[in-house]
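# Structure for the following, please:
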Amino acid sequence: MQTTTVVIIGAGQAGLAMSRCLTDRSIDHVLLERGVTAHSWRTERWDSLRLLTPNWLSRLPGWTYRGDDPDGYMSASEVVRYLDDYRASFGAPVQTETAVESVTSTSTGFIVDTNQRPWGCRSVVVATGACSTPKIPAVSNELPSRISQLAPIHYRNPEHLEDGPVLVVGASASGAQIADELTRAGRDVTLAVGEHVRLPRTYRGRDIHWWMDAVGQLDERYDEMDDIVRARRLPSLQLIGSPEKRTLDLNALAESGVRLVGRLAGVAGGKAQLSGSLANVCAAADLKQARLLDLIDEWATRNLPDADLDTPHRPEPTSVGTPPTVLDLDAFNTVIWATGFKPEYPWLDHHLLDRKGAIRHDGGVMEEPGMYLLGMPFTRRRKSSFLDGVGPDAQFLSAHLTGFLNRQAKPQRAAVSE
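Have a look, this model is predicted:
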């Protein structure tokens, strides 16, 4: 068995950020990666995918965007290069093709067993990311067997789908972007819309993330939320990182030819039963968007009185008409489940998980002393799952981890002195 002080599970942006922080603190560690660095970015992204955040917002500990397009949006392959370069910049000790099989607490720390060899350590950081296991609803089992079903991590481009109409379930970032790409490729697309967060790509001449960063929304802390459980489960922003900086909302999708229907509620007799609350869901998203834009306008008035800003143009209310409440599934050849992701940690003891399988933690500090979580939505801040957000979280948690190691070492030093 090999030993080290800290085992980091996962070598994506979160794992690498923690590795850099531990390196700066001279704490020996290893990153165990099931594939290679940035594995999900290499193998589980569609061809045209780009970051939702502008490149200047790609900030990790000791590392920033170094390209010539700070206001653009990196493609998946560019994110891979960005993370590869980051790893090389400080020599992160990554063990590739190493899948974790169990994590066991011992009297002196932990044993992390893998498909390669076991590792003994004093602390464990779980940094496996938020987008590893698609959340496919049970209703998928009721679909006719002839219908091809896939999740966004398996989608690559329109040419790889079977011919014929497509039903996309879920209208957050992934669902909206895939529906947009498919209809632009000439496909007949229906989008089943549930709860979503609507925002314009730009507002008053600046990227919406510039405003969210400026007004402090991205730095909102988990312990400031009235309902942190709900905050952590909010859908991803309905945005696209296109070079032309276009807004991708339901109005834009409908104008391009996408058919909008309500949330998929059930399947019976070859028919999809749809929620009749689409108009109300859209009105709620419009209201939340308006509140944020009001906040931005107020902040701009106080802090940028002389700035050359565009006038406050507000997006039009979402228009959905009178959508059907039933769909005949015989009309579709493919269903794409853009319904989010679920946590999955088969290698952790059940007492560390809540009833939905998520890790119990307080701002990234797990209930088992010496164990930490990094890179999940709202771990410590609203931006925790962004490239810009894992850094501050990693810095705080690495300091907490250092304190834990120091507390462990004190009794041993005392015993030696006696």
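
# can I get the CA coordinates of stretch 119-136 in CSV?
Provided in CSV are the C-alpha atoms of stretch 119-136 (Å, rounded to 0.1, in the frame of the first residue of the first chain):
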residue,chain,number,x,y,z
TRP,A,119,-3.6,4.3,-0.8
GLY,A,120,-3.3,5.2,2.9
CYS,A,121,-3.8,8.8,3.8
ARG,A,122,-4.7,11.2,6.6
SER,A,123,-7.3,13.2,4.6
VAL,A,124,-9.5,12.8,1.6
VAL,A,125,-10.9,15.4,-0.8
VAL,A,126,-13.8,14.4,-3.0
ALA,A,127,-13.6,16.4,-6.3
THR,A,128,-15.4,14.3,-8.8
GLY,A,129,-17.5,17.1,-10.1
ALA,A,130,-21.2,17.8,-10.5
CYS,A,131,-21.8,16.4,-14.0
SER,A,132,-20.8,12.7,-14.0
THR,A,133,-24.1,10.8,-13.7
PRO,A,134,-27.1,11.9,-15.7
LYS,A,135,-30.4,12.0,-13.8
ILE,A,136,-32.8,10.0,-16.1
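
# Sort out which residues of that stretch are buried, please.
Within stretch 119-136, the residues scored as buried using 16 or more other Cβ atoms under 10 Å are 119-132, 134, 136. Just so you know, the C-beta spots here come from the backbone N, C-alpha and C atoms, and that holds for glycine as well.

# same thing with stretch 87-102?
By neighbour count with 16+ other Cβ under 10 Å, stretch 87-102 contains the buried residues Arg87, Ala92, Pro93, Val94, Gln95, Thr98, Val100.

# for that stretch, the distance to its chain's centre please.
Stretch 87-102 sits 21 Å away from the centroid of its parent chain (Cα atoms, centre = their mean, to the nearest Å).

# measure it end to end?
Taking Cα to Cα, to the nearest Å, stretch 87-102 runs 26 Å from one end to the other.

# Quick check: mean pLDDT of it?
Mean pLDDT, computed over stretch 87-102, is 97.

# Got the domain ranges for this structure?
2-132+341-417, 138-337 (automatic domain parsing).

# any idea which of the ones you listed is most buried?
Most buried of these, by mean neighbour count (mean count of other Cβ atoms under 10 Å): domain 2-132+341-417, with a mean of 19.

# what's near enough to touch the residue lying closest to Ile296 once chain neighbours are set aside?
Setting aside the residues directly before and after it, Ile296 is nearest to Trp211 in space (Cβ to Cβ, 6 or more residues apart in numbering), at 4.7 Å. Trp211 makes contact with Tyr203, Arg204, Ile296, Trp299, according to Cβ atoms under 8 Å, 6 or more residues apart in numbering.

# Tabulate the residues you listed (CSV), appending secondary structure, pLDDT and distance to Ser174.
Shown next, in CSV, are the contacts of Trp211 (DSSP: H, G, I helix; E, B strand; the rest coil; pLDDT from 0 to 100; distance: Cβ to Cβ, whole Å):
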residue, secondary structure, pLDDT, distance to Ser174
Tyr203, strand, 97, 23
Arg204, coil, 97, 27
Ile296, helix, 98, 26
Trp299, helix, 97, 30
